[in-house]
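>>> After the sequence you'll find the predicted model.
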Amino acid sequence: MVPVEDASEGRAGAENRRAGACETERVRGVHEGILRRQSARESAARTYARALPIVPVRARGLTIEGADGRRYLDCLSGAGTLALGHNHPVVLEAIRKVLDSGAPLHVLDLATPVKDAFTTELFRTLPPALADRARVQFCGPAGTDAVEAALKLVRTATGRRGILAFTGAYHGMTAGALEASGGASEVRVTRLPFPQDYRCPFGVGGERGAELSARWTESLLDDTKSGVPLPAGMILEPVQGEGGVHPAPDAWLRRMRRITEARAIPLIADEVQTGVGRTGRFWAVEHSGVVPDVMVLSKAIGGSLPLAVVVYRDDLDVWKPGAHAGTFRGNQLAMAAGTATLAYVRENRLAERAATLGARMLDRLRRLAAEFPCVGDVRGRGLMIGIELVNPESASDPAPPDSPASPLGGTGPRLAAPALAAAVQRECLRRGLIVELGGRHASVIRLLPPLTISDEQTDAVLDRLADAVAAVAGGPMAHP
């Protein structure tokens, strides 16, 4: 016979288990319902929601909690927007301060103390040779708006129309920005080869490949029969992000600066994703010592809120009043959050931290590449890292003599494996890790963790990623 108290405890335990099961089912229903309604109501153009079927409800730092109760390590960081991670205390404090002050939240382009503080902090971080002569144009809220403004600026200042851009580029989704991007279908922009080691457009890689890219650019500009008139500007990313995480070689970038300067072609550096410490310097152009004529800035400069600006040399400032405008160019909350973010990154030397931590991550990931033939290449700069997945059984060309050592053991590039990359992304999500895909064939796993990621969190990210690669490499997806 069961004692009364034991029976009572048994009934209570059973009731608690039933209540827990009901709550789990309710939570799962909420999660699935939101995803179902999103699928039914939102545009077919939605992207991240397809590969990442989660419903974030809380977040702090690197961590996101979903409506289903699961926790994730976020190495997407709003596509690089969240330099300090989710809901950093200094960002929240800056936003609350503006909200509690009674300050206007919408001011068009009027001067405010909040805007003045942001501009002051922004200029403090710029390369000194640019900051000394800089002007800033506040644009619409997205990076693509700033790219459009930059293209309009150099065309107005030079009186010329053409633009030089690079293969693999990504500058945004509006008409002009898209034309300068690598995925453009109707090209009115002259496309130049961007140097890269693993899939060198000239088949040689290394310094020789970068030299050939520079020579091609010079020849195109100086050949009177090239069909390319003197352009209004050249736009480039110091590290191509969406194109597959390709850092521009420093010597090549300096060469581009010399080429454009000698021909009075304004050089536009798109630092939308590379800026604010992401690559190990506050601005990625600082690795090479290049000072561009124009810098396009967005993402992290708004401290997680929408903000975009163009910073440029004062002699290019020939616009007439109203020549470029935008209703939401005076986002006070974003400016306050941005000021706090810029100052925190600068004062806490997070760019240097990104350089150190990124080098450590690259080292471990290259060891992973040596273990798994499906990892074709590992590359990046600072906390902007790419892992290219390939079909290990596809044919490869011999590696060029002067190319960097390949994790494939001296062979050239194998076929990209987008299905394999997608499988790794799914396995990462199963393990509570959010990563992005990029590159020419969406075959590159991209890591963009916040600059505040800890050593312990870094190890957890790498462990989960390694487990995901191992799980896929051992399955049928490894041999498509």
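Nice, thanks for sending it over.

>>> R360 reaches D459, doesn't it?
No. Counting by Cβ atoms under 8 Å, R360 sits too far from D459 to count as a contact (9.7 Å). Placement of C-beta: from N, CA and C, glycine included.

>>> tell me the contacts of K97?
By Cβ atoms under 8 Å, 6 or more residues apart in numbering, the contact set of K97 is A336.

>>> is it true that it lies in a helix?
Yes. K97 sits within a helix when classified using DSSP: H, G, I helix; E, B strand; the rest coil.

>>> i'd like the first residue to be 318 from this point on
Okay, using 318 as the starting number, the last item reads as K414.

>>> And it, how close does it get to R646?
When Cβ to Cβ, to the nearest Å is the yardstick, K414 and R646 sit 21 Å from each other.

>>> Likewise for D772?
D772 is 39 Å from R646, by Cβ to Cβ.

>>> just H488 next, same as before
On the measure of Cβ to Cβ, H488 and R646 end up 19 Å apart.

>>> Which of these two has more residues huddled nearby?
Neighbours per residue (other Cβ atoms under 10 Å) separate H488 from R646, with H488 holding more: 31 against 21.

>>> Quick check: that one touching I480?
No. In this structure H488 lies outside contact range of I480 using Cβ under 8 Å: 10.0 Å.

>>> Name the residues contacting each of these two.
Contact criterion Cβ under 8 Å, 6+ apart; residues shared by H488 and I480: A497, I552.

>>> And the helices in the stretch 368-517 of the chain, which stretches?
Secondary structure of the stretch 368-517 of the chain (DSSP state H, counting those that start in this stretch): helices at 394-397, 406-418, 430-442, 445-448, 460-475, 492-496.

>>> Also the stretch 568-717 of the chain?
Going by DSSP H, counting those that start in this stretch, the stretch 568-717 of the chain shows helices at 649-664, 667-688.

>>> Could you say which of the ones you listed is packed most deeply?
helix 649-664 (a mean of 23; mean count of other Cβ atoms under 10 Å).

>>> contacts for it?
Helix 649-664 has contacts (Cβ under 8 Å, 6+ apart) with 400-401, 405, 407-408, 410-412, 414-416, 420-424, 429, 431-432, 434-435, 438-439, 441-442, 458, 593-594, 599, 617-624, 667-668, 768.

>>> re the thing from before, and among the helices of the stretch 368-517 of the chain, the most buried is which?
Most buried of the helices of the stretch 368-517 of the chain by mean neighbour count (mean count of other Cβ under 10 Å) is helix 460-475; its value is a mean of 24.

>>> Tell me which other helices or strands that one touches.
When contacts are defined as 3 or more Cβ pairs under 8 Å, 6 or more residues apart in numbering; DSSP states H and E, helix 460-475 packs onto helix 492-496, strand 550-553, strand 584-587, strand 611-614, strand 626-630.

>>> let's go with 7 Å and repeat that
Contacts defined by 3 or more Cβ pairs under 7 Å, 6 or more residues apart in numbering; DSSP states H and E place helix 460-475 against helix 492-496, strand 584-587, strand 611-614, strand 626-630.

>>> So which of those is nearest E705?
Closest of those to E705 is strand 584-587, at 21.9 Å (criterion: Cβ to Cβ).

>>> Check whether V431 really touches L416, as I assumed.
No. V431 is beyond contact range of L416, at 11.4 Å (criterion: Cβ atoms under 7 Å).

>>> just for the stretch 468-617 of the chain, where's the confidence low?
Under the criterion pLDDT under 70, the flagged ranges of the stretch 468-617 of the chain are 492, 495, 499-504.

>>> how close does the nearest residue to E753 once chain neighbours are set aside get to E359?
Nearest non-adjacent residue to E753, counting by Cβ to Cβ, 6 or more residues apart in numbering: R763, 4.3 Å away. Going from R763 to E359 by Cβ to Cβ gives 23 Å.

>>> R748 now?
For R748, the distance to E359 - Cβ to Cβ - is 27 Å.

>>> Neighbour count for these two, which is higher?
R748 (16 against 10).

>>> Can you give me the pLDDT of that one?
The model reports R748 with a pLDDT of 97.

>>> For the closest residue in space to it that isn't next to it in sequence, list the residues it contacts.
In space, and not counting its chain neighbours, R748 is closest to R781: 4.4 Å by Cβ to Cβ, 6+ apart. Applying Cβ atoms under 7 Å, 6 or more residues apart in numbering to R781 gives the contacts C745, R748, G749, L750.

>>> The first one sits in which helix or strand?
Using DSSP states H and E, C745 sits in helix 735-747.

>>> L706 is in contact with L732, correct?
No. In this structure, L732 is not within contact of L706 by Cβ under 7 Å, at 10.3 Å.

>>> between these two, which one's more packed in?
L706 (33 against 16).

>>> May I see the helices of the stretch 368-517 of the chain arranged in TSV, with distance to R377 as well?
Shown next, in TSV, are the helices of the stretch 368-517 of the chain (distance: least, Cβ to Cβ, whole Å):
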stretch	distance to R377
helix 394-397	13
helix 406-418	9
helix 430-442	24
helix 445-448	34
helix 460-475	25
helix 492-496	33
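
>>> Identify whichever of these lies nearest to V521.
Across these, V521 has its closest neighbour in helix 492-496 (29.2 Å, Cβ to Cβ).

>>> give me phi/psi at G520?
The phi/psi pair for G520 (degrees, to the nearest 10) reads phi 80, psi 20.

>>> likewise G558?
phi -90, psi -70.

>>> Neighbours of the nearest residue to it once chain neighbours are set aside, how many?
Leaving aside its chain neighbours, G558 sits nearest to Q590 (4.5 Å; criterion: Cβ to Cβ, 6+ apart). When counting by other Cβ under 10 Å, one arrives at 25 neighbours for Q590.
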